[in-house]
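Colleague: next comes the sequence, and after it the predicted model I'd like to discuss.
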Amino acid sequence: MQSGRRLVEDVEGIAALDPLKFSRELDPLRLTSGQLGRGLAQPQVTQTHLAHDRERTMQRWLVSEKLPGRINCHSEHVGDGFIAVLDLKRVGIVPSAVAGRTWILAMTLEHMEKVDTLVVDKTGTLTEGRPAVTAIVPALDFTETEVLRLSASAERPSEHPLAIAIVEAAEKQGITTAPVTDFDSPTGKGAFSTVEGRRVVLGSAKFLAEHGIDVAPLAEQADKLREDGATAIFAGIDGKVAGTIAIADPVKATTPEALAGLKEEGIRVVMLTGDNWTTAKAVARQLGIDEVEAEVLPEQKSAVVEKFKREGRVVAMAGDGVNDAPALAAADVGIAMGTGTDVAMESAGVTLLKGDLTGIVRAHRLSRATMRNIRQNLFFAFIYNALGVPVAAGVLYPFFGILLSPIIAAAAMALSSVSVIGNAVRLRTVKL
Ligand SMILES: Nc1ncnc2c1ncn2[C@@H]1O[C@H](COP(=O)(O)OP(=O)(O)OP(=O)(O)O)[C@@H](O)[C@H]1O
Ligand SMILES: [Cu+]
């Protein structure tokens with residue numbers, strides 16, 4: 001099971017994530033709303049893990065804030081400056097990997113603030129990822145039922161959402177599929193197998209061409225089906241195009257709101273898909289997305305992310321599929337859909353619990369508020385130290401005979417902690 005997932009389900013209301021204290025919490029801690037609690041429920045990580053991660057968290061924060069090296073000696077104290085009060089449930093995100101890797105969340109928040117480009121996968125991310133067959137256009141010499149029966153048989157061993165849609169369509173019509181041999185499915189291209197001694201090929205025009213099948217007789221029909229956003233694939237039987245199958249995947253109800261929010265936050269959205277250009281453009285048009293990268297093979301997805309990064313952009317990538325995993329890992333912030341594959345979740349820094357993209361907007365708002373808060377806290381901590389340390393060292397002694405007594409120094413420390421925590425708690429009121 002995904003430990004990250006459990007983490008959020010166990011959290012009620014607000015959790016104060018203190019990377020220092022966090023690492024020592026091994027027992028589940030019940031937090032009720034309104035109460036400022038510390039630590040998180042996740043007993044399944046080992047002590048070593050946690051100690052290690054605590055180190056990394058510290059380092060990361062220190063590096064990230066570009067603090068002068070000498071402040072390291074106050075790290076325990078400055079540590080209080082890193083308390084981030086997060087309402088994970090409200091944001092709807094969880095750190096993807098094991099809960100012990102809290103630092104990923106920390107890093108993600110830091111990067112998230114700077115994100116200016118969101119590369120977003122189409123199928124399963126912008127759309128529901130539960131496609132259904134909406135039309136079958138057979139070629140001359142073929143019937144709709146025969147195309148569906150052979151296609152469903154050929155796709156039966158495949159786990160691709162398009163394949164599942166075809167199998168389901170056949171089942172719905174009470175069509176029994178035939179056994180297959182020699183099944184293969186090159187990722188991002190299509191599938192082929194032998195059914196009742198016939199060669200059945202399914203996929204893009206390019207894929208069928210690779211198998212010596214010319215789709216020209218049905219190309220126009222396929223394009224027409226694509227005009228309103230459906231995916232159209234071709235079925236080839238015994239070296240000839242037999243039909244085109246339209247498979248539609250509804251846009252998630254929350255997608256338009258998420259896109260509007262992203263626009264408001266000034267984030268550039270790029271749709272990335274392995275699907276056909278015509279389909280991709282139609283969906284993009286419906287959603288008001290200006291930038292599209294279509295017909296991208298799985299192994300090229302991360303190259304698209306890299307390209308944007310080279311242009312100096314800070315890139316977040318949202319995806320759900322196995323073929324999105326390398327791109328998720330390549331992005332500054334990888335965002336997986338909780339409804340998607342485990343591989344995607346493991347490769348991403350954060351997971352959107354219900355696959356709801358509005359979580360990205362909330363996470364971006366939260367990251368800005370959190371990073372601002374952290375900077376303020378660092379300022380507090382710094383000021384107290386900047387004033388307190390020289391006094392304690394006797395700077396004022398020659399003139400006024402003032403020396404900071406250890407008791408007053410300790411009080412100042414405590415006071416600085418109080419202002420820092422008080423400031424961090426304000427994050428609770430941030431509108432997401
Ligand atoms: N099993 C399959 N059966 C038929 N066609 C397939 C199959 N697998 C891939 N294809 C073809 O390859 C294209 C790209 O597939 P790929 O899996 O990369 O993208 P996707 O998951 O459908 O979309 P997205 O990239 O938006 O998530 C599909 O649009 C389809 O034309
Ligand atoms: Cu996808």
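Modeller: Received, thanks. Numbering: from 1, shown residues only. Ligands and ions are numbered 1, 2, ... in the order given.

Colleague: what parts of the protein come near ligand 1?
Modeller: 121-124, 155, 158, 160, 162-163, 185, 188-191, 202-204, 231, 233, 273-275, 298, 321, 323 (C-beta under 6 Å from any ligand atom). Every C-beta, even on glycine, is put in place using the N, C-alpha and C of the backbone.

Colleague: restricted to strands, list those residues.
Modeller: 121, 190-191, 202-203, 231, 233 (DSSP state E).

Colleague: in CSV, list those residues along with distance to I136 and pLDDT.
Modeller: Output for those, formatted as CSV (distance: C-beta to C-beta, whole Å; pLDDT from 0 to 100):
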residue, distance to I136, pLDDT
D121, 26, 96
G190, 16, 95
A191, 17, 95
L202, 12, 98
G203, 15, 97
T231, 13, 97
I233, 11, 97
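
Colleague: quick one: terminal-to-terminal distance for stretch 177-189?
Modeller: 22 Å (C-alpha to C-alpha, to the nearest Å).

Colleague: repeat that for stretch 183-196.
Modeller: End-to-end span of stretch 183-196 (C-alpha to C-alpha): 13 Å.

Colleague: off-centre distance for it?
Modeller: 29 Å (C-alpha atoms, centre = their mean, to the nearest Å).

Colleague: near ligand 2, anything from that stretch?
Modeller: No: between stretch 183-196 and ligand 2, judged by C-beta under 5 Å from the ion, nothing touches; the nearest distance is 10.5 Å.

Colleague: is K301 in a helix, a strand, or coil?
Modeller: State at K301, reduced to three classes by DSSP: H, G, I helix; E, B strand; the rest coil: helix.

Colleague: what's the neighbour count on G388?
Modeller: Other residues within reach of G388, judged by other C-beta atoms under 10 Å, total 18.

Colleague: show the buried residues in the residues of the chain next to ligand 1.
Modeller: By neighbour count, with 16 or more other C-beta atoms under 10 Å, these hold 121-124, 155, 158, 160, 162-163, 185, 188-191, 202-204, 231, 233, 273-275, 298, 321, 323 as buried.

Colleague: for the strand ranked longest in the chain, give me every contacting residue.
Modeller: Among the segments of the chain that qualify as a strand by DSSP E, the longest is strand 240-248. Residues from elsewhere that reach strand 240-248 (C-beta atoms under 8 Å, 6 or more residues apart in numbering): 131-139, 142, 144, 146-148, 150-151, 162, 165-166, 202, 208, 213-218, 221-222, 225-226, 229-236.

Colleague: ok, it: who's next to it in the sheet?
Modeller: strand 132-138 (antiparallel), strand 231-237 (antiparallel) (DSSP bridges).

Colleague: CA-only coordinates of the very next helix or strand once past that strand, as CSV, when you get a sec.
Modeller: Toward the C-terminus, strand 240-248 is succeeded by helix 255-264 as the next helix or strand (DSSP states H and E). This file holds the C-alpha atoms of helix 255-264, laid out as CSV (Å, rounded to 0.1, in the frame of the first residue of the first chain):
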residue,chain,number,x,y,z
THR,A,255,-10.5,20.3,-15.0
PRO,A,256,-11.9,23.6,-16.2
GLU,A,257,-11.8,25.1,-12.7
ALA,A,258,-8.2,23.9,-12.3
LEU,A,259,-7.1,25.4,-15.6
ALA,A,260,-8.7,28.8,-14.7
GLY,A,261,-6.9,28.8,-11.4
LEU,A,262,-3.6,28.0,-13.0
LYS,A,263,-4.1,30.8,-15.4
GLU,A,264,-4.8,33.1,-12.5
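
Colleague: in helix 255-264, what counts as buried?
Modeller: Those would be 255-256, 258-259, 261-262, for helix 255-264 by 16+ other C-beta under 10 Å.

Colleague: from P186, how far out is E210?
Modeller: Going from E210 to P186 by C-beta to C-beta, to the nearest Å gives 9 Å.
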